[in-house]
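> Here is the input, now give the coordinates:
(chains A and B)
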Number of protein chains: 2
Amino acid sequence: MSASIGSTVSHNMRIAFCCTNTKAAPWIAGLSAALPGADIHEWQPGAPQADHAVVWAPPQQFLDEQPQIKGIFNIGAGVDALLKLRLPPQAVLVRIDDGGMAVQMAEFVCHAITRHVRELDVIEIAARRSEWAFRKPRRREEFPVGVMGLGVLGSLVANAVKQFDYPVMGWSRTPRELPGVQCFAGEDQFDNFLQATRILVCLLPLTSETRDIINARTLSKLMPGAYVINVARGAHVVDEDLIAALDSGHVAGAALDVFRTEPLPAEHPFWHHPKITVTPHTSARTLRDESIAQIAGKIQALERGEPVAGVVDLQRGY
Amino acid sequence: MSASIGSTVSHNMRIAFCCTNTKAAPWIAGLSAALPGADIHEWQPGAPQADHAVVWAPPQQFLDEQPQIKGIFNIGAGVDALLKLRLPPQAVLVRIDDGGMAVQMAEFVCHAITRHVRELDVIEIAARRSEWAFRKPRRREEFPVGVMGLGVLGSLVANAVKQFDYPVMGWSRTPRELPGVQCFAGEDQFDNFLQATRILVCLLPLTSETRDIINARTLSKLMPGAYVINVARGAHVVDEDLIAALDSGHVAGAALDVFRTEPLPAEHPFWHHPKITVTPHTSARTLRDESIAQIAGKIQALERGEPVAGVVDLQRGY
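Have a look, this model is predicted:
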């Protein structure tokens, strides 16, 4: 039952599909079409050993029962939940580079920025009362956008925002260069980045270093009248600190798509806070066709011993 | 009191400022700074003859009293209202190419598209009831966007929409070419354009040919589940026909920023139609600083006898 070392996919390669809250049949059909000859099945307890796994929030039992697995392919961009599990020690953990998510994220973030800067939410509330609520135009120069996290998603988001003539800055753990984007890196430059930012966009991976990164201290560094857009993970934000900053007036509003508990519990104060827009983790969804093509390509590369993009550094956490 | 023919601006050049609903002082200060030595004043009945005029919706009396005017500079992109007046026969009518409007228009249109396709309006209504209303993602391939009018504004809008991976088409009176945009032109190709369009964006100038262009016939040609975004002029849309198409279900929704009467009268059915989003002619506003710089440049070019961009073809109507 070993995988081939040759240049083609082994005809007896086994791939286990183990994704919670995901309809298995179309994924298995798509992966089977992309990897002819491979045996792709939905995992059940006690199933035979697989060579690779396609996963989303798998149970610990799955990983414990599959010690020989070589490649674990996560169908989302964030692997924080997966890294809380015990993984087979030799397994390579690979995340999807994009899977159609970057463009969705870019348009979602641009929508939130436009809506806030142009006060379209205020205008629409007035329109419900048949009120022609013309607002004085605001200068986009006064709304510099700071994107935290400059991976595949963050870079595309920064470029999309730049196209609408907002000043755009980026901050990442290691130095990056993006044309037309003022890039900051590391702890040392974090406060400078925050002080120059009015619209803060969080696209960071969730790691021990980035957990709670949007807190009383960092919010206080932002320009007055700041706006916070979180499309990464709920645990990046200290909920009470954000509410306090909104209530003090220093932060003017927030668009939150991710939460510490999802779905956001009905009693959570975010739901009815007048300055918060809540959306149900919808900023970017894995698109099946794009993802299947990417995963199939990565499995073939791994089987051929070629380099694979998106391998997670377990120490770094993304 | 004649203007100079030389290569610099005459020191006795007179410019009349005649813009309704516009605060004159900052425009006059800005134009004075940009055109040192020129005499720039807010027009009053009986004022001396000016060489040029900067106008927005001027009264007929102004034009009648200023027969010697050489250049009339309109501070908006649409000149339809101006063309209803009797103009001094030798005057050149010039519109602002952009004045910061194109990028505003692009983000406004992208916001409307994202909001509709991603169902963010539905999601936000549910959120008011603390409801985690996750919607199945919709494929952007199924929402081809058709932009009517491919001038400075329409071209930038088409490019911005393209960046978010929607299929984009354009239609214009005379053939245009835009990379990545499927371009249609003239009467002959109009129906083909409509039939391939699901999201119709109107950025046309208002002329006798384009008045009422969004009517029962043209709406019926659009793909089922169409969406209409009008950011040009209210008279492009036959109001009753749009409401009928919405009520039949063939058109799924509309974002309307311009109306036959503005402000939209409180009793107009658009205000409370559940499928219509009304905004108060806010998609793109002339930005003073950009406009002043453009107008000053155009006046200098005209005085030097150089070609000037944005001269209106009175026959064509834009």
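> going forward, measure contacts between C-alpha atoms and count neighbours the same way
Fine.
> Is the residue of the stretch 1-150 of chain A found nearest chain B part of a helix or strand, or is it coil?
Nearest residue of the stretch 1-150 of chain A to chain B (CA to the nearest CA) works out as A:His111 at 5.0 Å. For A:His111, the assignment made with DSSP: H, G, I helix; E, B strand; the rest coil gives helix.
> If we ignore the residues flanking it in sequence, what's nearest it?
Leaving aside its sequence neighbours, A:His111 sits nearest to B:His111 (CA to CA, 6 or more residues apart in numbering or on different chains; 5.0 Å).
> What of A:Ala34?
Excluding its sequence neighbours, the residue lying closest to A:Ala34 (CA to CA, 6+ apart) is A:Ala296, at 6.2 Å.
> and the helix or strand hosting that neighbour, what other elements does it pack with?
According to DSSP states H and E, A:Ala296 maps onto helix A:288-303. On a contact count with 3 or more CA pairs under 8 Å, 6 or more residues apart in numbering or on different chains; DSSP states H and E, helix A:288-303 meets helix A:24-34, strand A:71-74.
> May I see these organised as JSON lines, with mean neighbour count added?
As requested, the helices and strands packed on helix A:288-303 are exported to JSON lines (neighbours: other CA atoms under 10 Å in any protein chain shown):
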{"stretch": "helix A:24-34", "mean neighbour count": "17"}
{"stretch": "strand A:71-74", "mean neighbour count": "24"}
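> Turn the ones you listed into CSV, including mean pLDDT and distance to B:Ala106.
Below are these laid out as CSV (pLDDT from 0 to 100; distance: least, CA to CA, whole Å):
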stretch, mean pLDDT, distance to B:Ala106
helix A:24-34, 96, 36
strand A:71-74, 95, 35
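> From A:Ala106, how far off is A:Val157?
Per CA to CA, to the nearest Å, A:Val157 is found 4 Å from A:Ala106.
> What's the separation between the residue of the stretch 1-150 of chain A closest to chain B and A:Ala255?
Distance from A:His111 to A:Ala255, by CA to CA: 10 Å.
> can you check A:Phe62 too?
For A:Phe62 relative to A:Ala255 (CA to CA), the value is 36 Å.
> And for A:Asp80?
22 Å.
> Of the two, which one has the most company?
Taking neighbours as other CA atoms under 10 Å in any protein chain shown, A:Asp80 and A:Ala255 compare with A:Ala255 leading, 20 against 16.
> Could you pick out the residues of the stretch 201-318 of chain A near chain B for me?
Neighbours of chain B within the stretch 201-318 of chain A, by CA under 8 Å from any CA of the partner chain: A:263-264, A:266, A:271-272, A:277-282, A:285.
> re earlier: just checking, the residue of the stretch 1-150 of chain A closest to chain B touches B:Ile113?
No: applying CA atoms under 8 Å, one finds A:His111 not in contact with B:Ile113, separated by 9.2 Å.
> More neighbours: which of these two?
Each of A:His111 and B:Ile113 has its neighbours counted (other CA under 10 Å); B:Ile113 has more, 25 against 21.
> Now do the same for that one: its pLDDT.
Predicted confidence (pLDDT) for B:Ile113: 98.
> Leaving out the residues flanking it, which one is nearest to it?
Leaving aside its chain neighbours, B:Ile113 sits nearest to B:Ile199 (7.7 Å; criterion: CA to CA, 6+ apart).
> How about the secondary structure of the residue positioned nearest the centre of chain A?
For chain A, A:Ala232 is the residue whose C-alpha lies nearest the centre (CA atoms, centre = their mean; 4.6 Å). The three-state label given to A:Ala232 by three-state DSSP is coil.
> Kindly report the domain assignment for chain A.
Following automatic domain parsing, one finds the domains of chain A at A:14-99+A:286-303, A:101-278.
> Out of those domains, flag the one nearest B:Gln90.
Among the domains of chain A, the nearest to B:Gln90 by CA to CA is domain A:101-278 (35.3 Å).
> What parts of the stretch 51-200 of chain A come near chain B?
Contacts of the stretch 51-200 of chain A with chain B, taken as CA under 8 Å from any CA, map to A:103-104, A:106-108, A:110-111, A:114-115, A:123-124, A:127-128, A:130-135, A:137, A:160, A:163-165.
> Can you turn the buried part of those residues into a ChimeraX selection?
To isolate the buried ones among those in ChimeraX, judged by 16 or more other CA atoms under 10 Å in any protein chain shown, type:
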select /A:103,104,106,107,108,110,111,114,115,123,124,127,130,131,132,133,134,137,160,163,164
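> Using CSV, write out the CA atom coordinates for stretch A:51-58.
Presented in CSV, the C-alpha positions along stretch A:51-58 are these (Å, rounded to 0.1, in the frame of the first residue of the first chain):
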residue,chain,number,x,y,z
ASP,A,51,-1.3,8.3,1.8
HIS,A,52,-2.8,11.8,2.0
ALA,A,53,-5.6,13.5,3.7
VAL,A,54,-7.8,16.4,2.6
VAL,A,55,-9.1,17.9,5.8
TRP,A,56,-11.1,20.7,7.5
ALA,A,57,-11.3,20.5,11.3
PRO,A,58,-10.8,16.8,11.5
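> can you give me the strands in the stretch 201-318 of chain A?
A:226-230, A:251-256, A:276-278 (DSSP state E, counting those that start in this stretch).
> To clarify, my last question referred to the stretch 51-200 of chain A.
According to DSSP E, counting those that start in this stretch, the stretch 51-200 of chain A carries its strands in the segments A:52-56, A:71-74, A:92-95, A:145-148, A:168-172, A:182-185, A:199-202.
> Output the contacting helices and strands for the last one.
Secondary-structure packing of strand A:199-202 (3+ CA pairs under 8 Å, 6+ apart): strand A:145-148, strand A:226-230.
> Out of those strands, indicate the one that is most buried.
strand A:145-148 (a mean of 28; mean count of other CA atoms under 10 Å in any protein chain shown).
> Parallel or antiparallel, list what pairs with that strand.
For strand A:145-148, the paired strands and their directions (DSSP bridges) are strand A:168-172 (parallel), strand A:199-202 (parallel).
> so which of those strands is the most packed in?
Comparing the strands paired with strand A:145-148 by mean neighbour count (mean count of other CA under 10 Å), strand A:199-202 comes out on top with a mean of 27.
> and the residue nearest to A:Ala34, what is it in contact with?
When contacts are counted by CA atoms under 8 Å, 6 or more residues apart in numbering or on different chains, A:Ala296 is found next to A:31, A:34-35.
> Same question for A:Ile75.
Residues near A:Ile75 by CA under 8 Å, 6+ apart: A:54-56, A:95-96, A:286, A:291.
> can you check A:Gln182 too?
By CA under 8 Å, 6+ apart, the contact list for A:Gln182 reads A:168-170.
> Okay, now the unreliable bits of the stretch 1-150 of chain A?
Scanning the stretch 1-150 of chain A for pLDDT under 70 picks out A:1-11.
> Which parts of chain A are helices?
A:24-34, A:60-65, A:101-117, A:120-127, A:152-163, A:190-195, A:216-221, A:239-248, A:288-303 (DSSP state H).
> related to what we said a few turns ago, contacting residues for the residue of the stretch 1-150 of chain A closest to chain B?
A:His111 sits next to B:110-111, B:114-115 when contact means CA under 8 Å, 6+ apart.
> Check A:Leu314 too.
Contacts for A:Leu314 (CA under 8 Å, 6+ apart) come out as A:Leu83.
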